[in-house]
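>>> Okay, predicted coordinates and the sequence, questions at the end:
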Amino acid sequence: MASGGVRTSPLPAVPSARDSAARKAETNQDDAAVLRAMQAGGGLRLLGLRIVIVLVLLMAAQAYDGSLHAFSHWFILGLYGVGAIWFGLGERGGGPRAAAYSWAGTLLNAGLAVYVIIEHMLAGGGAGLGADAVSRLPAFLLLLQTGLSMRVAQTLLFCAVVTACWTAAFLVGLAWPELFPGPDSFPTAQITGLATFVAAGLLVVDGMTRLREAVTRALRMEHERAQLARFVPDTVALDLAAEDADSTMGVHRRHACLMVLDIRGFSRLSREHPPEAMVTALLAVRAAAQAAVAEQGGLVDKYVGDAVLVQFVVGRPRAQARAALACALSLQDRIAALNEAREKDGLFTLRVVVALHAGDLLVGVFDDGVRAEYTVLGPAMNALSRLEARAKAAEIEIGASGDFLDLLGGPLPPRIRAVPVPDAQDAQPALFAIVETPAP
């Protein structure tokens, strides 16, 4: 390799790219993006739901008018209807006050639920199942409506206010039973209703939390897939985006099989032949490498001078190794065919060396704010560079490390064998020459 080999410093851990304040700001932006995605197009539906809830409550109250509710009930319900629509329109209008309108609407919902429950207690809570259901209906309907806003904090506030007020009223009823009619049925009816509401609240909050996490993950995956798709095929982008990555940098720790191809004596050839001839030869080798890599589902990481760095990151380690070996053997045949065609045209032939290695690496798009590049980093890259230099010195066409051969998990392809390459300095990793046995 004209540049002296592919060299990358070891990278045992992903460095922190942002300080804590920047990370917090990014988290808040991501959370806001999730909320916007989940609420997209839902503003009118939520406003319509508020109106439907008001109508349902009016109809439910009408069914028991005269037996449980006084005029104040209708007045409060009317005020709630006006307030709910007012806050809903204010929230839908956006702007800096939209969040305040949203919180005010949540408190209004909690206030109505508490009012109807306590009013029913004072009017004879537990006196009838139908009346109990109607009086608890606002708490459950408004819980669902608040939950559909996809705001976990506001839903928790609603549940906390209703639960606290309901519990306080229940305890007051136990301490001063004369305040609440129906003392015999009062405790059982209220405990049942309160426990049901708490359970429903927990289910709604848990469902919202899970849904938000799922949407967050989906948005992260799509963002990373779109970023990776600028550099790699969709199959690789989807495979990498589907797994967890470092939250601040989108970099993955994963196993990969690596291959580097280098043209022997490229500097000497460049001195002996015109630049146009060298460019043509270089592009021919790159085209052969690209075809062999694509055939086996690999990825050309980069071209470094007269070298080609290839990675196999999709699939299990054994599948990666077998694909990399098949790619190297195919590349050997393609270079032989290329040289045969060049000889017929009276052109100089090319000799290449291929090195194979495997290991755990950092894989992803590294963006310093000026330039973004998809690549792999880690000690295995340094080892690959050393293997390539040793294979070139040993005059072998395909060299593989012992770590790479161990991944194959079975016999080599027919007529292919691995021969240990002696090293006076006992260098690591161990180097093997991949040679083909001539057909009988």
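Thanks, I have the structure now.
>>> going forward, measure contacts and count neighbours with C-alpha atoms only.
Fine.
>>> what comes up buried for the helix or strand containing L282?
Here L282, judged by DSSP states H and E, is contained in helix 275-295. Using 16 or more other C-alpha atoms under 10 Å as the burial criterion, the residues of helix 275-295 that qualify are 278, 281-282, 285-286, 288-290, 292-293.
>>> can you list the residues you listed in JSON lines and add pLDDT?
Formatted as JSON lines, these follow (pLDDT from 0 to 100):
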{"residue": "M278", "pLDDT": "94"}
{"residue": "A281", "pLDDT": "94"}
{"residue": "L282", "pLDDT": "95"}
{"residue": "V285", "pLDDT": "95"}
{"residue": "R286", "pLDDT": "95"}
{"residue": "A288", "pLDDT": "95"}
{"residue": "A289", "pLDDT": "95"}
{"residue": "Q290", "pLDDT": "93"}
{"residue": "A292", "pLDDT": "95"}
{"residue": "V293", "pLDDT": "93"}
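>>> Out of those, the closest to L144 would be?
V293 (53.9 Å; C-alpha to C-alpha).
>>> So the closest one sits against L299, correct?
Yes. In this structure, V293 is within contact of L299 by C-alpha atoms under 8 Å, at 6.4 Å.
>>> Rounded mean pLDDT for the one helix or strand V162 maps to, please.
V162 is part of helix 152-175, with elements assigned from DSSP H and E. In this model, helix 152-175 has a mean pLDDT of 90.
>>> Okay, now the unreliable bits of the stretch 51-200 of the chain?
By pLDDT under 70, the low-scoring segments of the stretch 51-200 of the chain are 53-54, 56-77, 88, 91-95, 123-134, 181-186.
>>> Show the residue spans covered by the helices in it.
Counting by DSSP state H, counting those that start in this stretch, one finds helices in the stretch 51-200 of the chain at the ranges 71-92, 98-124, 129-148, 152-175, 186-228.
>>> Show me what the fourth one is in contact with.
If you take C-alpha atoms under 8 Å, 6 or more residues apart in numbering as the criterion, helix 152-175 is touched by 103, 106-107, 109-111, 113-114, 117-118, 139, 143, 146-147, 179-180, 187, 190, 194, 197-198, 201, 205, 208-209.
>>> Give me the longest strand you can find in this structure.
strand 352-367 (DSSP state E).
>>> Show me what it pairs with in its sheet, parallel or antiparallel.
Taking DSSP bridges as the criterion, strand 352-367 forms sheet pairs with strand 251-263 (antiparallel), strand 372-377 (antiparallel), strand 398-401 (parallel).
>>> Return the set of buried residues in the first one.
It refers to strand 251-263. 251-263.
>>> could those go into CSV alongside pLDDT?
Converted to CSV, these look like this (pLDDT from 0 to 100):
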residue, pLDDT
V251, 70
H252, 72
R253, 81
R254, 80
H255, 88
A256, 88
C257, 93
L258, 94
M259, 95
V260, 95
L261, 95
D262, 93
I263, 93
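>>> sorry, back to before: output the buried residues of helix 275-295 as TSV; include the columns distance to A430.
Listed next are the buried residues of helix 275-295 as TSV, based on distance: C-alpha to C-alpha, whole Å:
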residue	distance to A430
M278	34
A281	32
L282	30
V285	28
R286	28
A288	28
A289	25
Q290	28
A292	26
V293	25
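>>> any idea which of those residues is closest to R334?
A288 (6.2 Å).
>>> How many residues are close by the nearest residue to the closest one once chain neighbours are set aside?
Of all residues not flanking A288 in the chain, R334 sits nearest, at 6.2 Å (C-alpha to C-alpha, 6 or more residues apart in numbering). By other C-alpha atoms under 10 Å, the residues close to R334 number 18.
>>> Now do N109 against G81, distance only.
The gap separating N109 from G81 is 10 Å, by C-alpha to C-alpha, to the nearest Å.
>>> go on, R217?
Distance from R217 to G81, by C-alpha to C-alpha: 37 Å.
>>> now G207
Relative to G81, G207 is positioned 28 Å away (C-alpha to C-alpha).
>>> can you map out the strands along the stretch 301-440 of the chain?
Under the criterion DSSP state E, counting those that start in this stretch, the stretch 301-440 of the chain contains strands at 307-312, 352-367, 372-377, 398-401, 416-420, 431-436.
>>> Most tightly packed of these?
strand 398-401 (a mean of 26; mean count of other C-alpha atoms under 10 Å).
>>> Dump that strand to CSV, restricted to CA.
Provided in CSV are the C-alpha atoms of strand 398-401 (Å, rounded to 0.1, in the frame of the first residue of the first chain):
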residue,chain,number,x,y,z
ILE,A,398,-3.9,-14.4,0.6
GLY,A,399,-3.0,-14.3,4.3
ALA,A,400,-5.4,-14.9,7.2
SER,A,401,-5.0,-14.6,11.0
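>>> Looking at L405 now. What's its pLDDT?
pLDDT at L405 comes out at 92.
>>> ugh, wrong one, M249
For M249, the predicted pLDDT is 49.
>>> G399 now?
94.
>>> Next: the one 10 residues further on.
Reading off the confidence values, G409 has pLDDT 80.
>>> ok, now T437?
76.
>>> In space, what's closest to it - neighbours in sequence excluded?
T437 sits nearest to R415 (C-alpha to C-alpha, 6+ apart), 4.9 Å away.
>>> Double-check that neighbour against L329; I have them as touching.
No. Counting by C-alpha under 8 Å, R415 stays clear of L329, with 11.6 Å between them.
>>> Which one's more surrounded, the two?
Remark: of R415 and L329, L329 carries more neighbours, 19 against 10, as counted by other C-alpha under 10 Å.
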